[in-house]
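Participant: here are the coordinates; sequence isn't available:
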């Protein structure tokens, strides 16, 4: 069943035309509607967008962790290390891939740890499950090593503590340790800092950057916080209503955004040190993904829309070697 | 000053029964500041610094352990029954999470009518007109009155919460993280709305927030809190342009900015906030302070007026202030 990517410069992860549907009572929700992206070794790709735009569903599709009853990948491939994960039997996915070569850190460190097991048990669990350590002694030693790796002070003694004995920042480190335990090639971070204080946010960002430098880890960072994305990402993909509307390297996106949505997002947040009387707000709300508009999905809220935008979904335009945008009227042409 | 906090303290006693943790949490440990009519005062600080406890005491949801909150010159604790009722009308709140702050079983019109009906008897037609007027102020159609909260998005729900806060014609609104639960593209709409109604009705705001860029944009004056104490306060523009307290400096240095060429300083601050149950001796910030002196661990620094409306509590300012003077 295993297929290999045709010989060419190979990124670590390549997602092609991914479409994930959620079958709900209200109808079929097209959560991910044709997403293609790539992440290289040692690279961080930011997946930026509002809640409900499909960024988390994209990543759950990569891991094949969609809700069993309602969620299904209806089209597209997910190539990791030359293997299409969408075609693997579930057993192989669970034993050799999920948690082993691709791992995820979920949003809330409070709920992703089990309160009745010690931190050592929980960090040791993936090591044991994937057969990377065995025996009480062996697992314990390996867990200490992992906790040290994420810079938890006095790891040997903290191993026997329970999650509630850790502070928010330390808990996030423990969750990261669990994800990193099996030395995955790709790490997915879902809003890793959104519940943390600013001073702790910086420390976490620094930790992820160091870990990446040490091991060549590929990272997908899901966030709605443009400050966090700017601090850690090499490239940024902006998602809106189930599709990627713009991708580029981080400087291009922040300095020369071509999609009106990207530009509007950047303009709508207050910037430290820049005082403005009013924030430029985006009117309206994102469309329903059960029955999305046929044209550009941002058109109803876009200041630059034309009749064409409302009729037809725009093609992807390559503006520069690493900068593509899906828009009929990218902002550069006008400038 | 419309609102004035005088050496306000709130201590919670933990323990008793089977609790493993006993002791006293010094949530708010002697905080004083005033808010002038028509201004926006922001309280910032890390979680656990006591900013929400202050908001609760201002809203009369908690009693201070000592010290007092004055509104229009009257101590809240000493108010008569009629004065308390009048205070409750004049002070309203908008909370962080509009999914939790609106009763899911009530129609929007009932939610908005509630604070009006607790104060006065109103004829049905008058009430309906008032509700539609309030919905119009916050940018919702009149038809919204007959719907339930679940039929609205997060941003619209926050508008409903704002309409409810405006209903009894308040003078003062406490905004506890008013936009942090909302989507990025919606936040600006709500912030602009809050600014508009402040101008239109001459409202005074107390904002609790952790987003420093928001605070800089939205507030006139700011107070920075650390472990139950105010460490610095002053006009927002001055404090952000020239932070004097090492904690304020560290907070500002660690903000992640939407600018790929900005590198936040990792070394600006060490470790994490200490427990409010056993706060460090002397200056509570000294274990994390990059400039701590021996003296800082011994004696708590005094609150020092730095001129221009700015004030801070730090031993370093005694020396540097003397030098610059």
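Facilitator: It's in. Since the model is a prediction, treat every value here as computed from it, not as a measurement.

Participant: Now the phi/psi pair for residue B:183, please.
Facilitator: phi -70, psi 150 (degrees, to the nearest 10).

Participant: and it, how many neighbours does it have?
Facilitator: Look at residue B:183: counted by other CB atoms under 10 Å in any protein chain shown, it has 20 neighbours. C-beta here means a position set from N, CA and C on the backbone, and glycine is covered the same way.

Participant: Which neighbouring elements make contact with the longest helix along chain B?
Facilitator: Assignment by DSSP state H gives helix B:184-201 as the longest helix of chain B. Using 3 or more CB pairs under 8 Å, 6 or more residues apart in numbering or on different chains; DSSP states H and E, the elements in contact with helix B:184-201 are helix A:260-268, helix B:154-166, helix B:212-218.

Participant: Can you tell me which of the ones you listed is nearest to residue A:55?
Facilitator: The closest of those to residue A:55 is helix A:260-268. By CB to CB, the value is 13.4 Å.

Participant: Tell me the first helix or strand C-terminal of that closest one.
Facilitator: Going down the chain from helix A:260-268, the next helix or strand is helix A:307-311, by DSSP states H and E.

Participant: Give me the residues contacting that following helix.
Facilitator: Residues outside helix A:307-311 that contact it (CB atoms under 8 Å, 6 or more residues apart in numbering or on different chains) are A:293-296, A:299-300, A:302, A:328-329.

Participant: The helices and strands packed on helix B:184-201: which one's closest to residue B:124?
Facilitator: The closest of the helices and strands packed on helix B:184-201 to residue B:124 is helix B:154-166. By CB to CB, the value is 18.4 Å.

Participant: Spell out whether that closest one and chain A are in contact.
Facilitator: Yes: applying CB under 8 Å from any CB of the partner chain, one finds helix B:154-166 in contact with chain A at residue B:155.

Participant: Tell me who's in contact with the closest residue to chain A within the stretch 51-200 of chain B.
Facilitator: Going by CB to the nearest CB, chain A is nearest to residue B:188 of the stretch 51-200 of chain B, at 3.6 Å. The contact partners of residue B:188, taken as CB under 8 Å, 6+ apart, are A:268-269, A:279-282.

Participant: what do you get if the cut-off is 10 Å, keeping everything else the same?
Facilitator: A:264-265, A:267-270, A:278-282, B:179, B:182, B:217 (CB atoms under 10 Å, 6 or more residues apart in numbering or on different chains).

Participant: ditto for residue B:73
Facilitator: By CB under 10 Å, 6+ apart, residue B:73 lies in contact with B:1-2, B:4.

Participant: ok, now with 7 Å
Facilitator: Contacts for residue B:73 (CB atoms under 7 Å, 6 or more residues apart in numbering or on different chains) come out as none.

Participant: per-residue pLDDT, it?
Facilitator: Listed pLDDT for residue B:73 reads 93.

Participant: before we move on, what about the one 5 residues further on?
Facilitator: According to the model's per-residue confidence, residue B:78 sits at a pLDDT of 93.

Participant: where's it relative to residue B:70, distance?
Facilitator: 9 Å (CB to CB, to the nearest Å).

Participant: Have a look at these two and say which one is more surrounded.
Facilitator: More crowded of residue B:78 and residue B:70, by other CB under 10 Å: residue B:70, with 17 against 9.

Participant: Can you tell me which of the contacts of residue B:188 is closest to residue A:64?
Facilitator: Using CB to CB, the contacts of residue B:188 come closest to residue A:64 at residue A:265, 29.9 Å.

Participant: ok, and what's touching the strand or helix carrying residue B:88?
Facilitator: Element membership of residue B:88 [criterion: DSSP H and E] is helix B:81-90. Under the criterion CB under 7 Å, 6+ apart, residues B:71, B:74, B:76, B:79, B:119, B:168, B:170-172 lie in contact with helix B:81-90.

Participant: related to what we said a few turns ago, show me the two of the contacts of helix A:307-311 that sit farthest apart.
Facilitator: Spatially, the most separated pair among the contacts of helix A:307-311 is A:294 and A:329, at 17.6 Å (CB to CB).

Participant: returning to that earlier point: can you lay out the helices and strands packed on helix B:184-201 as TSV showing mean pLDDT, distance to residue B:314 and mean neighbour count?
Facilitator: Shown next, in TSV, are those (pLDDT from 0 to 100; distance: least, CB to CB, whole Å; neighbours: other CB atoms under 10 Å in any protein chain shown):
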stretch	mean pLDDT	distance to residue B:314	mean neighbour count
helix A:260-268	93	36	21
helix B:154-166	95	36	24
helix B:212-218	92	19	23
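
Participant: quick one, which of the ones you listed is nearest to residue A:224?
Facilitator: Closest of those to residue A:224 is helix A:260-268, at 9.0 Å (criterion: CB to CB).

Participant: could you give the angle of the closest one to helix B:184-201?
Facilitator: 40 degrees (axes from the mean of the first three to the mean of the last three CA atoms, to 10 degrees).

Participant: so what's residue B:10 up against?
Facilitator: B:27-28, B:53, B:57, B:62, B:64-65.

Participant: Which is the succeeding secondary structure element to the helix or strand where it lies?
Facilitator: For residue B:10, the host element (DSSP H and E) is strand B:3-14. Next along the chain after strand B:3-14, taking DSSP H and E as the criterion, comes strand B:23-35.

Participant: tell me the contacts of residue A:195?
Facilitator: Applying CB under 7 Å, 6+ apart, we find residue A:195 in contact with A:108, A:168.

Participant: where's it, which helix or strand?
Facilitator: Per DSSP H and E, there is no helix or strand for residue A:195.

Participant: about what we covered before: have a look at residue A:294 and residue A:329 and say which one is more surrounded.
Facilitator: residue A:329 (18 against 11).

Participant: which residues sit in contact with that one?
Facilitator: Residue A:329 makes contact with A:304, A:306, according to CB under 7 Å, 6+ apart.

Participant: And residue 301, what's its pLDDT?
Facilitator: Unless you meant another one, I'm taking chain A. On pLDDT, residue A:301 comes in at 92.

Participant: um, chain B though
Facilitator: The predicted local confidence for residue B:301 is 94.

Participant: re earlier: how about TSV for the helices and strands packed on helix B:184-201, with distance to residue A:156 added?
Facilitator: Formatted as TSV, the helices and strands packed on helix B:184-201 follow (distance: least, CB to CB, whole Å):
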stretch	distance to residue A:156
helix A:260-268	45
helix B:154-166	44
helix B:212-218	37
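
Participant: What segments of chain B are helices?
Facilitator: Using DSSP H, helices in chain B cover B:51-58, B:81-90, B:108-117, B:124-137, B:154-166, B:184-201, B:212-218, B:236-241, B:246-254, B:316-324.

Participant: Could you check the angle the first one makes with strand B:3-14?
Facilitator: Helix B:51-58 runs at 110 degrees relative to strand B:3-14, counting by the same axes, to 10 degrees.

Participant: In terms of secondary structure, what does helix B:51-58 contact?
Facilitator: Here helix B:51-58 touches strand B:3-14, strand B:23-35, strand B:172-176, strand B:204-208, going by 3 or more CB pairs under 7 Å, 6 or more residues apart in numbering or on different chains; DSSP states H and E.

Participant: Give me the phi and psi for the closest residue to chain B within the stretch 1-150 of chain A.
Facilitator: Using CB to the nearest CB, the closest approach of the stretch 1-150 of chain A to chain B is made by residue A:50 at 4.3 Å. With angles defined as degrees, to the nearest 10, residue A:50 shows backbone torsions of phi -80, psi 170.

Participant: I'd say it and residue A:224 touch.
Facilitator: Yes: using CB atoms under 7 Å, residue A:50 is in contact with residue A:224, at 6.1 Å.

Participant: thinking again about what came up before, tell me which of the helices of chain B sits nearest to residue A:199.
Facilitator: With CB to CB, the closest approach to residue A:199 among the helices of chain B belongs to helix B:246-254: 5.0 Å.

Participant: May I see the buried residues of stretch B:274-291?
Facilitator: Across stretch B:274-291, burial judged by 16 or more other CB atoms under 10 Å in any protein chain shown covers B:274, B:276, B:279, B:282-289.
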